[in-house]
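**Q** Have a look; sequence and predicted model below, questions after that.
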Amino acid sequence: MENLILFSLIATLGTWAVNSLGAATVLFFRSPSEKTLNLMLGFASGVMIAASFWSLLEPSIALAEKSSALPAYVVATSGFLFGAVFMWISDKVVTFSRRRFIISKGSKTEKLNRVIMLVLSITFHNIPEGLAIGVAFGSLQNTNFSAENLMCAITIALGIGIQNFPEGAAVSLPLRREGCSRLKSFLIGSASGIVEPIAGVIGAVSVVYIKAILPYALAFAAGCMILVAVHELIPECQQSKDAHPYFATMGIVSGFAAMMLLDVMLG
């Protein structure tokens, strides 16, 4: 059991490292143009929408069909709606807190609220991903431990790690856009993925219990991501739509296609 926990920790540290590499893309943009940032925000939106289905909702439904006493559609729908409502409440709390404790108000405050929502969304999204990796390795104790089963768990970690790259950029680039330094944007983007190793260890240790919770957690993360992508990122990247028609939209389409390709290809 100890070895499986160690494997899970190593795997999730690897996915966190990829997340940090994605966040490090902000270091290569000294003075990013509005056009470039709109493209990147659109790409991040597409990534989040695609990941919400192929990386979160689809596995949630599959797991619920196998293990849940409730119908899979009840599990996925309830988890999804709870995630969206949770992020909506979080937005209200953030807005109230800033109005209550910060004297200055205006567009900068509103933009910062959107960035905080984005960071929360990606962070909460990373929790069930870490749990998924931990469960994949921890469940090996209940199956025939073989190279084939181990490679299956590694493949899950690899797929999640690859998708973490654009997610890290999806946090650091908007922060840079709102005036944060490149270093601060990178550190916050990297920190958004630290929950994966923590959740991975918890998932490996509590694999029996997490299996029952995981379908709800995956759908919950999907609800968080869809709300932020549709309500915040897409409107933000479309602000210069008149000057650059379809430019940000192509970013959304490209991000969706890239994430769909990775998720389907890696299974």
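**A** Happy to help now that I have it.
**Q** what's residue 39 in contact with, if anything?
**A** For residue 39, the contacting residues are 237, 247-248, 250-251, by C-beta atoms under 8 Å, 6 or more residues apart in numbering. Backbone N, C-alpha and C define where each C-beta goes, glycine included.
**Q** Wait, residue 15 touches residue 168, no?
**A** No. With contact defined as C-beta atoms under 8 Å, residue 15 does not reach residue 168; the gap is 10.4 Å.
**Q** so what sits against both of the two?
**A** residue 193.
**Q** buried sites along the helix or strand of the chain with the lowest mean pLDDT?
**A** Of all helical and strand segments in the chain, the minimum by mean pLDDT, DSSP states H and E falls on helix 107-138, at a mean of 73. Neighbour counts over helix 107-138 (16 or more other C-beta atoms under 10 Å) mark 111-138 as buried.
**Q** Hey, what's the angle from the next helix or strand after that helix to helix 107-138? Just curious.
**A** Once the chain leaves helix 107-138, the next helix or strand it forms, by DSSP states H and E, is helix 147-177. If you take axes from the mean of the first three to the mean of the last three C-alpha atoms, to 10 degrees, helix 147-177 sits at 170 degrees to helix 107-138.
**Q** residues of helix 147-177 that come out buried?
**A** Quick answer for helix 147-177 (16+ other C-beta under 10 Å): 153-154, 156-177.
**Q** repeat for stretch 70-89
**A** For stretch 70-89, by 16+ other C-beta under 10 Å, it's 72, 75-80, 83-84, 86-87.
**Q** pLDDT averaged over that stretch - what is it?
**A** For stretch 70-89, mean pLDDT rounds to 91.
**Q** Would you mind listing the residues in contact with the residue lying closest to residue 25 once chain neighbours are set aside?
**A** Sequence neighbours aside, residue 169 is the residue nearest to residue 25 in space, at 4.7 Å (criterion: C-beta to C-beta, 6 or more residues apart in numbering). Residues in contact with residue 169 (C-beta under 8 Å, 6+ apart) are 22-23, 25-26, 40, 44, 189.
**Q** Out of those, flag the one nearest to residue 231.
**A** Nearest to residue 231 among the contacts of residue 169: residue 44, at 13.9 Å, using C-beta to C-beta.
**Q** Could you quantify the relative orientation of the helix or strand the closest one falls within and helix 147-177 as an angle?
**A** Here residue 44, judged by DSSP H and E, is contained in helix 34-51. Here the directions of helix 34-51 and helix 147-177 differ by 150 degrees (the same axes, to 10 degrees).
**Q** And the next helix or strand past helix 34-51?
**A** Following helix 34-51 in sequence, per DSSP H and E, is helix 58-67.
**Q** And the contacts of residue 39, which is closest to residue 5?
**A** Closest approach between those and residue 5, by C-beta to C-beta: residue 251, at 39.5 Å.
**Q** now, among the contacts of residue 39, which is nearest to residue 204?
**A** Among those, residue 251 lies closest to residue 204 (C-beta to C-beta), at 36.6 Å.
**Q** Determine the number of other residues adjacent to the closest one.
**A** When neighbours are defined as other C-beta atoms under 10 Å, residue 251 has 23 of them.
**Q** so what pLDDT did it get?
**A** 87.
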